[in-house]
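Trainee: This is a predicted model, with the sequence first.
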Amino acid sequence: MGKPIVVGINGSAGSEAALAWALQRAGAGKSSVLCVHAVDDRWMSPDFQYHELIRESGMELLEKARTSARGQAPDVDVDVQLRHGSPGAGLREASKEASMVVVGGHDKHWLDGGPMTDRALQIVSAADCPVAVVPAEGTGGKHGVVVGVDGSEESLQAVAYAAAEADRGGDELTVVLAFRSPARWVEQQLPESGLAETIVEENRIILSESVAGLGEKYPDLVVHQRLETDTDPAKALVDIARDARLLVIGSRGRGGFSRLVLGSTAHAVLLHVPCPTVVTRVHKAKHGD
């Protein structure tokens with residue numbers, strides 16, 4: 001059957017939406033689902049009188065998720081697993097043997113010591129496989145797959161992933177490249193330079209190259225190219241993907257901090273997830289200094 005889809009469970013509306021989305025995906029792809037809950041007992045002594053009670057509460061939460069899963073998708077094989085430590089660390093370990101990790105999006109409430117957005121960012125940054133972040137609001141009735149590109153190797157990986165998803169689901173694919181135009185004062189310092197026009201044309205070429213070969217591989221796939229000028233990339237992706245079935249972005253971080261490890265655009269998108277959003281982790285791409 002292959003590797004399971006791992007779902008982070010914490011009892012929130014977001015994790016319920018994540019489970020429902022994962023079950024639907026697993027049913028279509030003949031996959032199994034593994035529900036994981038982490039008991040963050042790092043601060044507890046093994047002799048702490050409530051240690052076993054907290055563990056039992058975690059197992060009850062998982063069994064409730066399993067019962068819900070059986071009702072939603074009786075044909076999907078669902079297992080549960082209780083882990084110890086932080087949710088981010090627990091799901092990172094689980095991701096090593098997963099085809100995908102699915103977590104709920106930000107529901108604007110403080111849970112387990114931090115907002116759900118923090119948990120999602122930690123997991124996306126650390127996972128060894130693609131991670132889907134699913135908003136708590138309903139995701140049904142939406143169509144189309146949107147993917148963001150910027151000319152990097154990671155964004156080309158994201159396009160490949162998004163194209164396969166769109167073709168499999170019978171959706172149209174929208175490939176988006178958005179960028180900020182140079183500040184006006186820069187243009188004013190370079191009279192008749194045509195800098196803005198040059199940048200637009202260069203990005204148009206990057207966008208065109210990003211979809212090269214898709215027609216041959218997926219002859220029935222309808223591909224739209226959108227070039228958004230003088231627009232923040234994250235805002236453009238969130239706005240365009242609001243009515244989409246799926247948004248795909250590549251992780252392009254280079255540094256040691258979570259925001260840089262993830263990439264600033266992906267980080268910003270996950271703060272305002274417009275629809276189920278997959279951050280691809282196909283393989284690591286090397287960058288020059």
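Mentor: Looks like it arrived, so ask away. Numbering: from 1, shown residues only.
Trainee: State the helix or strand in which Val80 lies.
Mentor: strand 78-84 (DSSP states H and E).
Trainee: How about Val279?
Mentor: Counting by DSSP H and E, Val279 is part of strand 277-280.
Trainee: got a list of contacts for that strand?
Mentor: Contacts to strand 277-280, defined as C-beta atoms under 8 Å, 6 or more residues apart in numbering, come from residues 100, 105, 124, 130-134, 154, 157-158, 161, 165, 241, 246-251, 262, 266, 269-270. All C-beta spots, glycine's among them, are computed from the backbone N, C-alpha and C.
Trainee: Export it to CSV, keeping only CA atoms.
Mentor: Output of strand 277-280 as CSV, limited to C-alpha atoms (Å, rounded to 0.1, in the frame of the first residue of the first chain):
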residue,chain,number,x,y,z
THR,A,277,-1.8,24.2,0.7
VAL,A,278,1.1,21.8,0.0
VAL,A,279,4.7,22.7,0.6
THR,A,280,6.7,20.4,-1.5
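Trainee: Can you give the distance from it to the centre of its chain?
Mentor: Its chain's C-alpha centre and that of strand 277-280 lie 3 Å apart, by C-alpha atoms, centre = their mean, to the nearest Å.
Trainee: Pairing partners for it, with directions?
Mentor: strand 131-134 (antiparallel), strand 246-250 (parallel) (DSSP bridges).
Trainee: buried ones in that strand?
Mentor: 277-280 (16 or more other C-beta atoms under 10 Å).
Trainee: and if you look at stretch 209-228?
Mentor: The neighbour-count check on stretch 209-228 (16+ other C-beta under 10 Å) flags 210-211, 214, 218, 221, 223, 227-228 as buried.
Trainee: swap in stretch 53-72?
Mentor: By neighbour count with 16+ other C-beta under 10 Å, stretch 53-72 contains the buried residues 58, 61-62, 65-66, 68-69.
Trainee: Between those residues, which sits nearest Gly27?
Mentor: Ala69 (10.6 Å; C-beta to C-beta).
Trainee: My guess is Ala234 contacts Pro274. True?
Mentor: No. In this structure Ala234 lies outside contact range of Pro274 using C-beta atoms under 8 Å: 10.5 Å.
Trainee: burial measure for Ala158, as a count.
Mentor: A count of nearby residues for Ala158, using other C-beta atoms under 10 Å, gives 29.
Trainee: helix or strand for it, which one?
Mentor: helix 153-169.
Trainee: quick revisit: ok, which pair from the buried residues of stretch 209-228 is furthest apart?
Mentor: Tyr218 and Glu228 (23.8 Å).
Trainee: pLDDT score assigned to Ala268?
Mentor: pLDDT recorded at Ala268 is 85.
Trainee: which one is it nearest to, not counting chain neighbours?
Mentor: Ala234 (3.5 Å; C-beta to C-beta, 6 or more residues apart in numbering).
Trainee: And for Ala38?
Mentor: Spatial nearest neighbour of Ala38, excluding adjacent residues (C-beta to C-beta, 6+ apart): Gly90 at 3.5 Å.
Trainee: Identify the residues contacting the one you found.
Mentor: Gly90 neighbours (C-beta under 8 Å, 6+ apart): 36, 38, 83-84.
Trainee: picking up where we left off before, can you add pLDDT and distance to Ala73 and give the buried residues of strand 277-280 back as CSV?
Mentor: Formatted as CSV, the buried residues of strand 277-280 follow (pLDDT from 0 to 100; distance: C-beta to C-beta, whole Å):
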residue, pLDDT, distance to Ala73
Thr277, 95, 22
Val278, 95, 20
Val279, 93, 24
Thr280, 90, 25
